[in-house]
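*Asks:* how would this look folded up:
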Amino acid sequence: MRLVLVPILAALLGGTSAAEAAPPPNDVPSAAAEFSAYGAANGRPRDLQGLAELAEATADPAVPRCLGAASFARTAWFRVPAAASPQEIAIDAVGRTLDLVDLAAFVQPAGAGAIATSTPNACAGEGTGGSAVAEEAASGLVLRVAAGRAVLIQAGRRGVPGPPEDERALLSLDARALAPDPAPSGDAAGAATPIVPSRRTATVTLAGATLGDEDPAEPACPSPASVWRRFVPGGRGTRLISVEGRATSSLTVYAGARPSADNARDCVLRSRYGALQLRVATERRRPLWIRIGTANPAAGDVARLRVTDGAGATVVDGGPGGFDPTPGGAGGGLPAACERARATLSRVTGPRLTRGAVRGRSVRTVIRMRRSAICDVTLKLVGPGGGAYATARAIRLAGRRVVRLRRERRLVRGRYRLRVEAASELGGRVEVPSGVRGRLR
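*Replies:* All right, here's what the predicted structure looks like:
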């Protein structure tokens with residue numbers, strides 16, 4: 001986030017004279033305040049800021065609370081004007097206490113018309129990555145909007161009101177012009193959103209992507225911009241949705257006539273190289289809306305999207321390149337027990353591999369985890385030449401377990417060993433020592 005704490009911050013947040021017994025002038029969306037420039041020590045304006053007086057502010061009954069029922073109990077509104085070119089808007093909010101400010105952004109439809117506040121398009125605050133233990137606890141959000149789109153910013157507090165000086169929030173705005181790239185196909189979710197064919201890889205252009213007024217906020221998996229695709233199942237079942245690409249930052253799936261905050265199935269954030277994955281149950285003719293998030297797409301950046309049969313597939317923590325910030329769900333979020341797993345202490349043992357372990361298209365063996373359970377596990381049967389002949393994934397392995405590895409190629413005569421990798425307690429990946437080995441053909 002581009003947080004800018006200015007020399008006059010203490011003066012703005014520390015006094016008590018600004019608090020009034022009446023709600024602030026920008027208490028409602030229709031009276032949203034403009035951000036104003038401030039002068040630095042050398043007299044030159046460096047940034048735009050707004051001061052939210054929230055001690056006497058009221059709630060907005062008709063506006064959804066995208067951070068939960070307790071959020072946005074008292075709000076003030078600000079407006080970022082439309083620009084002649086696409087722009088990236090970064091908003092940071094800070095107060096003098098460690099309580100995070102609730103933030104929501106509402107992209108306005110192009111042209112003059114009624115104010116749109118029915119769908120928050122980006123949200124930030126408690127539980128979305130802001131730190132309440134940093135020296136300056138700050139909430140922040142970033143979104144890319146198309147030319148001609150204004151944005152309303154809602155700032156709020158929750159809980160019982162405190163002293164006026166503790167309720168104030170200082171908002172900093174950084175709006176930067178972007179290259180006028182044409183909007184990619186599927187930049188908006190609607191009737192014209194392209195349909196993804198089953199079992200074929202679709203190439204999705206990301207350059208020029210923005211957030212629109214139809215994009216529902218997914219606070220657990222924020223992205224400054226997104227591109228949409230639809231998938232219409234021919235019947236009930238399970239589908240595996242995978243997306244790869246350097247500039248892809250998140251994957252979210254919705255099910256219904258149109259995407260909304262109420263019908264999101266799950267979301268995944270990128271944490272490392274590889275595919276982001278969701279395993280989603282489907283119903284006949286009920287559309288799935290697939291949103292591919294992107295942060296800084298450059299010219300030529302694409303995502304590769306594929307929808308395949310998900311029966312029997314295992315998704316662990318959002319797939320090889322993903323992190324599922326929500327427990328369980330379609331993204332295979334890791335259970336709470338994984339917080340106690342210590343892969344660096346664990347050892348894997350088991351009987352020798354023999355010809356009897358080969359069962360058709362799979363290799364079956366018994367293993368035992370010693371000293372500690374392991375999570376986000378990759379199992380590889382490594383054989384002659386050092387290649388992986390069979391693989392498997394598991395969310396969590398503890399104690400004695402029977403595992404089945406799917407064969408990736410024909411087994412040849414020679415020595416094999418079971419290679420085990422798991423998530424470490426520091427967030428990376430480590431190889432877990434394994435004594436499972438033997439001769440197969």
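
*Asks:* quick one: the nearest residue to Gly321 once chain neighbours are set aside from Gly333, how far?
*Replies:* Nearest residue to Gly321 in three dimensions, chain neighbours excluded: Gly274, at 3.2 Å (CB to CB, 6 or more residues apart in numbering). To be clear about C-beta, it is placed using only N, CA and C from the backbone, and glycine gets the same treatment. Here the criterion is CB to CB, to the nearest Å. By it, Gly274 lies 17 Å from Gly333.

*Asks:* and those two? which has more neighbours close in?
*Replies:* Ranked by neighbour count (other CB atoms under 10 Å), Gly274 and Gly333 place Gly333 first, with 23 against 14.

*Asks:* got the contact list for the more buried one?
*Replies:* By CB atoms under 8 Å, 6 or more residues apart in numbering, the residues touching Gly333 are 317-318, 324-327.

*Asks:* all helices for the stretch 101-250 of the chain, in order.
*Replies:* Remark: helices assigned in the stretch 101-250 of the chain by DSSP state H, counting those that start in this stretch are 164-167.

*Asks:* can you give me the strands in it?
*Replies:* For the stretch 101-250 of the chain, the strands defined by DSSP state E, counting those that start in this stretch occupy 102-107, 122-124, 138-145, 151-157, 169-177, 202-205, 225-231, 237-244, 248-255.

*Asks:* for the third one, what is the average pLDDT?
*Replies:* In this model, strand 138-145 has an average pLDDT of 93.

*Asks:* now Ala423: phi and psi?
*Replies:* Backbone torsions of Ala423, given as degrees, to the nearest 10, read phi -70, psi 130.

*Asks:* what's near enough to touch Val366?
*Replies:* Counting by CB under 8 Å, 6+ apart, Val366 touches 350-351, 400-403.

*Asks:* ugh, wrong one, Pro327
*Replies:* Pro327 neighbours (CB under 8 Å, 6+ apart): 333-336.

*Asks:* so which of those wins on neighbours?
*Replies:* When neighbours are counted by other CB under 10 Å, Gly333 leads the contacts of Pro327 with 23 neighbours.

*Asks:* wait, Ala357 sits on Arg439?
*Replies:* No: using CB atoms under 8 Å, Ala357 makes no contact with Arg439, being 10.7 Å away.

*Asks:* of those two, which one has the most company?
*Replies:* Neighbour tally, Ala357 and Arg439, criterion other CB under 10 Å: the higher count belongs to Ala357, 21 against 13.

*Asks:* what pLDDT is listed against the more buried one?
*Replies:* Listed pLDDT for Ala357 reads 91.

*Asks:* around Ala295, how many other residues sit close by?
*Replies:* Ala295 has 17 neighbours, counted by other CB under 10 Å.

*Asks:* quick check: closest non-adjacent residue to it.
*Replies:* Ser249 (4.4 Å).

*Asks:* hmm, that neighbour is touching Pro297, no?
*Replies:* No: in this structure, Ser249 is not within contact of Pro297 by CB under 8 Å, at 9.4 Å.

*Asks:* what sits up against stretch 349-363?
*Replies:* 364-368, 370, 381, 389-390, 404-407, 411, 416, 418, 434-441.

*Asks:* low pLDDT regions in the protein?
*Replies:* Along the chain, segments meeting pLDDT under 70 span 1-21, 39-46, 112, 129-137.

*Asks:* could you chop it up by domain?
*Replies:* What automatic domain parsing lists as the domains of the chain is 9-177, 202-333, 339-440.

*Asks:* now, of those domains, which is deepest in the fold?
*Replies:* Most buried of the domains of the chain, by mean neighbour count (mean count of other CB atoms under 10 Å): domain 202-333, with a mean of 21.

*Asks:* now find how far off-centre it is within its chain.
*Replies:* Here the centre of domain 202-333 is set off from its chain's centre by 10 Å, with CA atoms, centre = their mean, to the nearest Å.

*Asks:* with stretch 374-393 instead?
*Replies:* Put simply, stretch 374-393 sits 29 Å off its chain's centre (CA atoms, centre = their mean).

*Asks:* that's a helix at Ser30, yeah?
*Replies:* Yes: using DSSP: H, G, I helix; E, B strand; the rest coil, the secondary structure at Ser30 is a helix.

*Asks:* pretty sure it is touching Thr117, no?
*Replies:* No: here Ser30 does not reach Thr117: they are 9.6 Å apart, not a contact under CB under 8 Å.
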